[in-house]
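Peer 1: Give me a 3D structure for the following:
(2 chains)
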Amino acid sequence: MSTVAAGFERARGIVPRPRGVWGFVLRRVLLGLLTLFLVSIVVFAATQTLPGDAARAFLGRNATPESLATLRKQLHLNEPVVSQYLHWLGGIFRGDLGNSLTGSQQPVTSVIGARIENSGVLMLIAAVISVPLSIALGAIAARRRDGVFDHTTSIVLLALAALPEFVTAILLVVLLGTSLFHFLPPVSLIPPGGHPWNYPKELVLPVIALVFAVTPYIARIMRASMIEVLESDYVEMARLKGLREQTVLWRHALPNGIAPAIQVIALNLAYLAGGIVVVEFVFAYPGIGRAFVGAVHNRDLPTVQALGILIAAAYVFLNVAADVATILVSPRLRTSLK
Amino acid sequence: MSGVAAAAAPLALPKRRRPIVVLLRRAWRLPRTKVGVLLMLLLVGTALIGPFFAPHDPAAFANIPYGKPGGSTPLGTDALGRDVLSRFLWGGRSILGLSTAATAIGLVLGVSIGLVSAYSRGLLDDVLMRIMDVILAFPSIVLALVAVSTVGPKLWLIVLVVGLTTMPRVARVTRGASAEIVERDFVQAAEALGEPRAKLLLGEILPNITSPLMVEASLRLTYAIGLIASLSFLGFGEQPPAADWGLMINENQQGLTIQPWGVLMPVIAIALLTIGTSLIGDGLSRASAGIDRTGGE
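Peer 2: Residues are numbered from 1 along each chain as shown, chains lettered A, B, ... in the order given. Model prediction:
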């Protein structure tokens, strides 16, 4: 963030620099848009200019000169690279992401449409559970620093952070879905047209897997931040006033401890966007991530591009939101911008 | 350096060790580092020596599919009737080899970019760091999958992409750590002597940032193992009939209720491996934080 600010600092002589908090928000949003633009170039370049073109990749061994020519025309592969890119980018703004290459060749937007809800619900529930949980874990660990709770959570969280999501997910299936206990479905089959909230049992395991993936990082930064706050003068003051320790911890220390953690919280929520790729695959959950893996298997390029840019956009958006939220909740940073 | 220290000994100067030695010694004192090293030795040992003890050819059919443990197949057979134990013993090599290679690529690229960035400052620094930011704007698995969709599931591609997504984090750490070093007098002295740029970066600056790089390297290795295992679990790493831990889990997940060992063994192995490297990383970073606080031994 600081290097970004420095870059703008340098441009100040040329462009009038919007000041204050809203100036910062504006600049951060513009930078987010610039990043998205660069991300779109990377997605496009990765799928278009690597060895072998998209038509050949999709058709594979079944390629005939005729089918290659038809598909190349359909994908606009005969046009210059720049105009291909502009066509694709324009399509994103028009809500036209091209047609899927597989099956009935339906528009990519309709493939995505139904699945966005499924993935969104999954990520939302995971976020709603993991954020308060990790904040509480971090705060309690800081309060009982070097105690049994602190040491136990530290080791458990370290291990959870190290495990790849699919390993956590499979261990959960083994523990709760198949071998030891049988009370949860090992795969989350939600019929097309069904809403995920009507299938709460199917949601439990994928949600736990995602919660385990992001909680350790937030809890660790929360612990570090709370330790600093708990050693500060105003917490000492609150204690000397004779307030109950619980009140001091949750009402006085916690709000100030959260500010430095917001960046990490948002980064990890953004991480959920990547995490769903693997977790949905493990549970055969019909969401964006599962569709993405399927499209990569089929080399269905328009779908891969669309889902790639969608997941990356969610990631960039949450990162921008993190910076803005941090600035809004920390008075010290806010005044330094004035 | 040890030669210098020995020559200085008669003067009764405090014995000075390389920072990296201090770091490793301090890290080793922490129990978690020892556990981590033990786990890693166990898993690396399994992957390297394991194949010599495999009772069957990992690709050969030993019994009926999902056969129960017993007889010549101590852990039963997999979805196609191949010996689970043999495939497990053979399956660690690729994941270790690929993730080590990817980490090495990421380290070399990241350190080079970080050093050049910190030393040159100005426009080049800005441009390099913005490029790193763009790579970080992706979840790495998405970048890897986008690349795989065009080129296909090639091992060199996986290594390259994982290396490329490792690079920005290493570059940031390197740049951060060397930003203060490039200001020091000995760097200016070397500049004045007309030392070539490459020698200056690698000979003068790099030796001073080995501690943060060690910590970062172990973190990145954990990350690379996780990412490469995930990719091969998704079916984009080693291709059948190869024996590979990630792929084994994918192949045998359907039969989890009938014959869990084909999934459990590789899952436990990957879990212990990543926990091991991450314990080492945690030990190193705790030791290095301690060194920063006390200003060396």
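
Peer 1: chain center to the longest helix anywhere in chain B: distance?
Peer 2: As assigned by DSSP state H, the longest helix anywhere in chain B is helix B:261-294. Its chain's C-alpha centre and that of helix B:261-294 lie 11 Å apart, by CA atoms, centre = their mean, to the nearest Å.

Peer 1: is any part of the host helix or strand of B:Leu23 close to chain A?
Peer 2: Assigning secondary structure by DSSP states H and E places B:Leu23 in helix B:19-29. No. Counting by CB under 8 Å from any CB of the partner chain, chain A is not contacted by helix B:19-29; separation bottoms out at 14.7 Å. No exception for glycine: its C-beta is placed from N, CA and C like everyone else's.

Peer 1: Let's test this: mean pLDDT of that helix, rounded?
Peer 2: Helix B:19-29 shows a mean pLDDT of 85.

Peer 1: check which helix or strand covers residue 97.
Peer 2: I'll assume chain A. Going by DSSP H and E, A:Leu97 is not part of any helix or strand.

Peer 1: please go with chain B instead
Peer 2: Using DSSP H and E, B:Gly97 maps to helix B:92-120.

Peer 1: what mean pLDDT does that helix have?
Peer 2: For helix B:92-120, the per-residue pLDDT averages 94.

Peer 1: And A:Ser261, what's its pLDDT?
Peer 2: For residue A:261 the amino acid is Ala, not Ser. pLDDT for A:Ala261: 83.

Peer 1: roughly how far apart are it and chain B?
Peer 2: Going from A:Ala261 to chain B by CB to the nearest CB, to the nearest Å gives 19 Å.

Peer 1: Burial check on that residue, number of neighbours?
Peer 2: Neighbour count for A:Ala261, taken as other CB atoms under 10 Å in any protein chain shown: 25.

Peer 1: Could you pull out the buried residues of whichever strand or helix holds it?
Peer 2: Applying DSSP H and E as the criterion places A:Ala261 in helix A:254-283. For helix A:254-283, a neighbour-count test (16 or more other CB atoms under 10 Å in any protein chain shown) marks A:254, A:256-283 as buried.

Peer 1: Now for the most centrally placed residue in chain B: which residues touch it?
Peer 2: Centroid-nearest residue in chain B, with CA atoms, centre = their mean: B:Leu221, separated by 1.7 Å. With contact taken as CB atoms under 8 Å, 6 or more residues apart in numbering or on different chains, B:Leu221 is in contact with B:Ser99, B:Thr100, B:Thr103, B:Thr277, B:Gly281.

Peer 1: Could you check how far the helix or strand hosting it is from the centre of its chain?
Peer 2: Assigned by DSSP H and E, B:Leu221 falls within helix B:210-233. Relative to its chain's centre, helix B:210-233 lies at 4 Å (CA atoms, centre = their mean).

Peer 1: Stretch B:190-207 now?
Peer 2: Stretch B:190-207 sits 28 Å away from the centroid of its parent chain (CA atoms, centre = their mean).

Peer 1: Equivalent analysis for stretch A:128-135, please.
Peer 2: Distance of stretch A:128-135 from the chain centroid (CA atoms, centre = their mean) equals 15 Å.

Peer 1: Show residues contacting that stretch.
Peer 2: Counting by CB under 8 Å, 6+ apart, A:207, A:210-211, A:214-219, A:222, A:254, A:258, A:261, A:265, A:268-269 sit against stretch A:128-135.

Peer 1: gap between A:Thr326 and chain B?
Peer 2: As judged by CB to the nearest CB, A:Thr326 and chain B stand 17 Å apart.

Peer 1: Now that residue: which helix or strand?
Peer 2: helix A:301-329.

Peer 1: Repeat that for A:Pro186.
Peer 2: Using DSSP H and E, A:Pro186 maps to neither a helix nor a strand.

Peer 1: Near it, how many other residues are there?
Peer 2: For A:Pro186, the neighbour count with other CB under 10 Å is 20.

Peer 1: got a pLDDT number for it?
Peer 2: Looking at A:Pro186, its pLDDT reads 76.

Peer 1: need the contact list for the residue nearest to it when sequence neighbours are not counted.
Peer 2: Nearest residue to A:Pro186, sequence neighbours excluded (CB to CB, 6 or more residues apart in numbering or on different chains): A:Gly177, at 3.4 Å. A:Gly177 sits next to A:Leu184, A:Pro185, A:Pro186, A:Leu205 when contact means CB under 8 Å, 6+ apart.

Peer 1: what's the closest of these to B:Asp126?
Peer 2: Of all the contacts of A:Gly177, B:Asp126 sits closest to A:Leu205, with 45.2 Å by CB to CB.

Peer 1: how about whichever residue of chain B sits closest to chain A, phi and psi?
Peer 2: Nearest residue of chain B to chain A, counting by CB to the nearest CB: B:Pro139, 2.6 Å away. The phi and psi values for B:Pro139, taken as degrees, to the nearest 10, are phi -70, psi 130.

Peer 1: How about it: what's its closest non-neighbour residue?
Peer 2: Nearest to B:Pro139 is A:Gly274, by CB to CB, 6+ apart, at 2.6 Å.

Peer 1: Isn't that neighbour up against B:Ser140?
Peer 2: Yes. Taking CB atoms under 8 Å as the definition, A:Gly274 is a contact partner of B:Ser140 at 7.2 Å.

Peer 1: part of a helix, is A:Gly193?
Peer 2: No. Per DSSP: H, G, I helix; E, B strand; the rest coil, A:Gly193 lies outside any helix segment and is coil.

Peer 1: Distance of it relative to A:Phe292?
Peer 2: Distance, A:Gly193 to A:Phe292, by CB to CB, to the nearest Å: 21 Å.

Peer 1: Neighbour count: those two, which is higher?
Peer 2: Using other CB under 10 Å, the more surrounded residue of A:Gly193 and A:Phe292 is A:Phe292, with 30 against 6.

Peer 1: Quick check: which ranges of chain B have low pLDDT?
Peer 2: B:1-16, B:291-297 (pLDDT under 70).

Peer 1: Over to the stretch 151-300 of chain A?
Peer 2: For the stretch 151-300 of chain A, residues meeting the criterion pLDDT under 70 lie at A:179-181.

Peer 1: Close to chain B: what parts of it are there?
Peer 2: Within the stretch 151-300 of chain A, the residues that sit near chain B (CB under 8 Å from any CB) are A:155, A:158-159, A:161-167, A:170-171, A:173-174, A:178-179, A:186, A:270-271, A:273-275, A:277-278, A:281-282, A:292-293, A:295-297, A:299-300.

Peer 1: thinking again about what came up before, buried ones in the helix holding B:Leu23?
Peer 2: Buried-residue list, helix B:19-29, by 16+ other CB under 10 Å: B:Pro19, B:Val22, B:Leu23, B:Leu24, B:Arg26, B:Ala27.

Peer 1: Which members of the residues you listed are the farthest-apart pair?
Peer 2: Most distant of those, by CB to CB, are B:Pro19 and B:Ala27, 12.2 Å apart.

Peer 1: Now do the longest helix anywhere in chain A and helix A:254-283, the angle between them.
Peer 2: Ranked by number of residues, the top helix in chain A under DSSP H is helix A:108-143. When axes from the mean of the first three to the mean of the last three CA atoms, to 10 degrees is applied, the directions of helix A:108-143 and helix A:254-283 differ by 130 degrees.

Peer 1: Would you mind getting the angle between helix A:108-143 and helix A:301-329?
Peer 2: What separates the directions of helix A:108-143 and helix A:301-329 is an angle of 40 degrees, with the same axes, to 10 degrees.

Peer 1: Find the helix or strand that A:Thr153 is a member of.
Peer 2: Secondary structure from DSSP H and E places A:Thr153 in helix A:148-162.

Peer 1: Pull the distance from the longest helix of chain A to the chain's centre.
Peer 2: Per CA atoms, centre = their mean, the centroid offset for helix A:108-143 relative to its chain is 9 Å.

Peer 1: Look up how far A:Ser110 lies from A:Asn99.
Peer 2: The spacing between A:Asn99 and A:Ser110, counted by CB to CB, is 10 Å.

Peer 1: next one: B:Ala47
Peer 2: 45 Å.

Peer 1: more neighbours, those two?
Peer 2: Regarding B:Ala47 and A:Ser110, a neighbour count based on other CB under 10 Å identifies B:Ala47 as having more, with 21 against 11.
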